[in-house]
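**Q** Output the structure for:
(one chain, ligands or ions: 1)
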Amino acid sequence: MYSVKVLGPRLTHLLLRKTFFEHFCAGESSQDILPKMRELQKYNVGGILDYAAEAKDGELPETVKPIDEEETVGAPLSSRSYDYESEALCDARAQIFRVAVRGVKDTIPDGFAAIKLSGLGNPVLLERMSTCLAEVCRLYKRLAHEDINPNENYYMIDRSFKIDLETFKTGWLKMFEGKSEDELKAMFDAMDDNHDGYISYLEWSSGVKLSEINEMVRGCKHQGRLFQAALNEEEVKLYRNMLKRVQGILDLAQELGVRVMIDAEWTDIQPAIDHITIFMQRIYNKGELPIVFNTYQTYLKGMPTRVQRDLDRSRREGWRFGAKLVRGAYMVSERQKASQRGLESPICETYEETEENFHQAIDCILAHGEDKTEASPGGAAAEVLVASHNRHSVERTIQKMTEMGVAQDRVGFGQLMGMADHLTYTLARYGYRSYKYVPYGPVDEVVPYLIRRTQASETG
Ligand SMILES: Cc1cc2nc3c(=O)[nH]c(=O)nc-3n(C[C@H](O)[C@H](O)[C@H](O)COP(=O)(O)OP(=O)(O)OC[C@H]3O[C@@H](n4cnc5c(N)ncnc54)[C@H](O)[C@@H]3O)c2cc1C
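**A** As a prediction, the model looks like this:
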């Protein structure tokens, strides 16, 4: 940083603390933030406690490089190098997130704790998992279609079709060996949850386990992309360690009745984040209170379809859907990366398209009301936090809530601390569930995080 060179680290730290940091951040430790949380409560505003520990996009270890440039789509395949230090750091952060959960319980029980999965698992592993998940999705398409475009944007891949037994068997035998007709039929039946004679993408994606892909690819006829993408044994072990960290936080959250939001990050690692989040929602959102909220970035092309898919998934699997909707904070770097890799950008081409996605996704969730024709709690209404500083989007949501008769307790609104206070406090005054995102953490870690999020809101 330029000021570190000119002023030195101590003076820079002091300067940042007294200016930017004190305006946008509640403090350096979970103890510092308690007065801020109590202050919010006086105005009926809830808090979302956000320890700003995250890995930064573009700061992966040097060892991460493409195995084969030609064959690589999306994130480069990593060299699978993991160190003990980053595991210890993740353990330490898990402990900090647990303290944050307790902090919410002690100050604003109706509030949320926010966590970033890139702080709880090595981003190299999250990239590898994401590449593997993208290949599993392509495999679904390849089973039913002769040709697929291997460069197709993961978020845009059509998954709306279903596969019957014959198509499944023929597609499978083209790519894998070592399974008899009877074994393939047994595999198909195990995935066909509703016994309608077809596998849908939802059935496929819950039937294929990341930890089992390694086993599955041993039968690959060609050592292509899926073969390369499969997690090895060490990675499966690290993945399980990461799940344990997340579950340690969520067990405590469930015990204390505190809800947890999982932040959305950049697209090279986001499929893994979504995968883990849905895995956790299946476990922790079965009761009256949905404990885990996923985050959907609507600047991504095709996002309303994905929101609808997860709404359907929650109803089919019997858990309560809870989500934070944002426009998205990594627009510039996402576009740069796509252009460097010669791929279509995953980001909407215009602000208006992002806005249209944002509003469509909100409408889908509002429309997902209680449905008592199915067994409870699967038939429960979906909850959403509209996280935006955009007054028009907030007003439009309220108008839709009125038109559709949506209860106020299903919808919350969130703004970052130090931004759009007029919206937060007005919403609270009129009885809407209104929240401030309250970042805290060491100055050196929080400041880059805040710069990214505040810059993002100036782009629109
Ligand atoms: C409570 C809270 C939690 C948040 N959590 C997350 C999170 O977990 N993950 C995350 O990524 N972000 C998160 N953000 C940041 C968020 O994604 C936005 O970057 C920020 O809120 C600005 O969007 P807006 O709706 O407030 O404002 P607006 O000014 O209406 O929108 C600006 C946004 O529009 C989009 N945009 C701007 N120009 C274009 C263009 N030319 N083409 C396409 N799209 C464009 C970009 O996403 C930009 O950030 C959070 C924000 C809040 C308030």
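
**Q** Model confidence at residue 57, what's the number?
**A** Per-residue pLDDT puts residue 57 at 51.

**Q** try the one 5 residues further on
**A** Among the per-residue scores, residue 62 holds a pLDDT of 35.

**Q** Next: residue 460.
**A** Reading off the confidence values, residue 460 has pLDDT 33.

**Q** Can we start the residue count at 115 from this point?
**A** Fine by me, first position is 115 from now on; the one you just mentioned is residue 574.

**Q** For the stretch 115-264 of the chain, which segments count as strands?
**A** 160-165, 226-229 (DSSP state E, counting those that start in this stretch).

**Q** what does the stretch 415-564 of the chain give?
**A** For the stretch 415-564 of the chain, the strands defined by DSSP E, counting those that start in this stretch occupy 436-440, 497-501, 525-530, 547-554.

**Q** Need those in JSON lines (columns: distance to residue 304).
**A** For every residue, glycine as well, the C-beta is placed using N, CA and C. Shown next, in JSON lines, are the strands of the stretch 415-564 of the chain (distance: least, Cβ to Cβ, whole Å):
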{"stretch": "strand 436-440", "distance to residue 304": "29"}
{"stretch": "strand 497-501", "distance to residue 304": "32"}
{"stretch": "strand 525-530", "distance to residue 304": "38"}
{"stretch": "strand 547-554", "distance to residue 304": "41"}
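
**Q** Take those strands and write them to CSV, including distance to the ligand and mean pLDDT.
**A** Putting the strands of the stretch 415-564 of the chain into CSV (distance: least, Cβ to the nearest ligand atom, whole Å; pLDDT from 0 to 100) gives the following:
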stretch, distance to the ligand, mean pLDDT
strand 436-440, 3, 98
strand 497-501, 3, 98
strand 525-530, 3, 97
strand 547-554, 4, 92
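
**Q** Tabulate those (JSON lines), appending mean neighbour count.
**A** Shown next, in JSON lines, are the strands of the stretch 415-564 of the chain (neighbours: other Cβ atoms under 10 Å):
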{"stretch": "strand 436-440", "mean neighbour count": "26"}
{"stretch": "strand 497-501", "mean neighbour count": "24"}
{"stretch": "strand 525-530", "mean neighbour count": "24"}
{"stretch": "strand 547-554", "mean neighbour count": "25"}
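
**Q** Can you tell me which residues in this structure are near the ligand?
**A** The chain comes close to the ligand at residues 377-378, 409, 411, 413, 440-445, 461-462, 464-465, 468, 501-504, 528-530, 551, 567, 570-571, 573-574, as judged by Cβ under 6 Å from any ligand atom.

**Q** Is it possible to mark the buried ones in those?
**A** Buried members of the residues of the chain next to the ligand, scored by 16 or more other Cβ atoms under 10 Å, are 377-378, 409, 411, 413, 440-445, 461-462, 468, 501-504, 528-530, 551, 567, 570-571.

**Q** hang on, the earlier thing: can you tell me which of the strands of the stretch 115-264 of the chain has the worst average pLDDT?
**A** Note on the strands of the stretch 115-264 of the chain: lowest mean pLDDT is at strand 160-165, with a mean of 90.

**Q** what's the spacing between it and its chain's center?
**A** Relative to the centre of its chain, strand 160-165 is centred 17 Å away, using Cα atoms, centre = their mean, to the nearest Å.

**Q** go on, stretch 348-366?
**A** On the basis of Cα atoms, centre = their mean, stretch 348-366 sits 16 Å off its chain's mean C-alpha point.

**Q** Using CSV, write out every CA atom in it.
**A** Extracted C-alpha coordinates of stretch 348-366, given in CSV (Å, rounded to 0.1, in the frame of the first residue of the first chain):
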residue,chain,number,x,y,z
GLU,A,348,-6.0,-36.2,0.4
GLU,A,349,-8.5,-33.8,-1.0
VAL,A,350,-11.5,-35.8,0.1
LYS,A,351,-9.9,-35.8,3.6
LEU,A,352,-9.4,-32.0,3.5
TYR,A,353,-13.0,-31.6,2.2
ARG,A,354,-14.3,-33.7,5.2
ASN,A,355,-12.2,-31.5,7.6
MET,A,356,-13.8,-28.4,6.1
LEU,A,357,-17.3,-29.9,6.5
LYS,A,358,-16.4,-30.6,10.2
ARG,A,359,-15.4,-26.9,10.7
VAL,A,360,-18.6,-25.7,9.1
GLN,A,361,-20.7,-28.2,11.1
GLY,A,362,-19.0,-27.2,14.3
ILE,A,363,-20.2,-23.6,13.7
LEU,A,364,-23.7,-24.6,12.7
ASP,A,365,-24.2,-27.1,15.5
LEU,A,366,-23.6,-24.2,17.9
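
**Q** tell me which residues of it are tucked away?
**A** Under the neighbour-count criterion of 16+ other Cβ under 10 Å, stretch 348-366 has 349-350, 352-353, 355-357, 359-364, 366 buried.

**Q** In helices only, show me these.
**A** By the criterion of DSSP state H, membership of the buried residues of stretch 348-366 in helices covers 349-350, 352-353, 355-357, 359-364, 366.

**Q** Identify the residue nearest residue 425 in space, chain neighbours excluded?
**A** Residue nearest to residue 425 in three dimensions, not counting chain neighbours: residue 482, with 4.9 Å by Cβ to Cβ, 6 or more residues apart in numbering.

**Q** Just give the number of residues close to residue 383.
**A** Neighbourhood size, residue 383 [other Cβ atoms under 10 Å]: 26.

**Q** The closest residue in space to it that isn't next to it in sequence: neighbouring residues, count only.
**A** Spatial nearest neighbour of residue 383, chain neighbours left out: residue 240 (3.9 Å); criterion: Cβ to Cβ, 6+ apart. By other Cβ under 10 Å, 28 other residues sit near residue 240.

**Q** now the one 5 residues further on
**A** When neighbours are defined as other Cβ under 10 Å, residue 245 has 28 of them.

**Q** hang on, the earlier thing: pretty sure the residue nearest to residue 425 is touching residue 496, no?
**A** Yes: using Cβ atoms under 8 Å, residue 482 makes contact with residue 496 at a distance of 4.0 Å.

**Q** Overlap of the contact sets of those two?
**A** By the contact definition Cβ atoms under 8 Å, 6 or more residues apart in numbering, residue 482 and residue 496 are jointly contacted by 425, 435.
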